[in-house]
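# need a 3D model of the following:
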Amino acid sequence: MIKEMILKAEKGYPFGVDDFFQQVTGSAILTAPFLFTEEVWEVAAAASDVQALASVLVTLFLGNGILYVSKLERDWDSERKVFGVTLRYISLMLVSFGTVAFLLTITAAEHVFADSWYHMMKVVALISIFSVIGAATADNLI
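Below is the predicted model:
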């Protein structure tokens with residue numbers, strides 16, 4: 001099994017279901033501790049629209065940086081693309097924001113902490129920074 005994984009890694013195999021689940025696992029590991037902390041919700045409540053947007057932009061740039069800049073041997077040309085954007089990156093962004101939103105919906109956190117849906121969106125924007133770090137790092141393991 002390990003030999004097969006090494007061969008796949010050497011060939012630069014394209015993004016697959018296993019990569020997606022690595023992203024989800026990494027995202028959940030770093031997201032959960034922040035999501036249920038009252039201080040994070042207070043920071044999100046105090047954040048302006050510009051700060052929330054800046055958090056989203058940081059998430060987008062960190063994801064790209066961790067996936068494609070820190071792993072120089074990854075071949076962009078061999079990756080599947082949708083409208084010129086790699087499927088791996090699209091998945092990473094969906095996982096980064098989606099994991100936070102999903103964990104909010106399956107727990108009572110939004111009812112306990114959030115004043116409104118807008119407050120909750122700012123929490124998602126803030127925590128997505130940590131989510132993308134976990135997801136992209138886990139995706140880079142193999």
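# residues touching the residue nearest the centre of the chain, list them.
Geometric centre of the chain, nearest residue: Ser96, 2.3 Å, by CA atoms, centre = their mean. Applying CB atoms under 8 Å, 6 or more residues apart in numbering to Ser96 gives the contacts 27, 59, 63, 128, 131-132, 135. For the C-beta atoms, the positions are set from N, CA and C on the backbone; glycine is no exception.
# recalculate using a threshold of 6 Å.
59, 128, 131-132, 135 (CB atoms under 6 Å, 6 or more residues apart in numbering).
# turn those residues into a markdown table, including neighbour count, secondary structure and pLDDT.
As requested, the contacts of Ser96 are exported to a markdown table (neighbours: other CB atoms under 10 Å; DSSP: H, G, I helix; E, B strand; the rest coil; pLDDT from 0 to 100):
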| residue | neighbour count | secondary structure | pLDDT |
| --- | --- | --- | --- |
| Thr59 | 24 | helix | 95 |
| Ser128 | 28 | helix | 95 |
| Ser131 | 34 | helix | 94 |
| Val132 | 31 | helix | 94 |
| Ala135 | 33 | helix | 92 |
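# okay if I get those residues as TSV plus distance to Leu53?
Supplementary listing: these in TSV, determined by distance: CB to CB, whole Å:
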residue	distance to Leu53
Thr59	11
Ser128	12
Ser131	17
Val132	16
Ala135	21
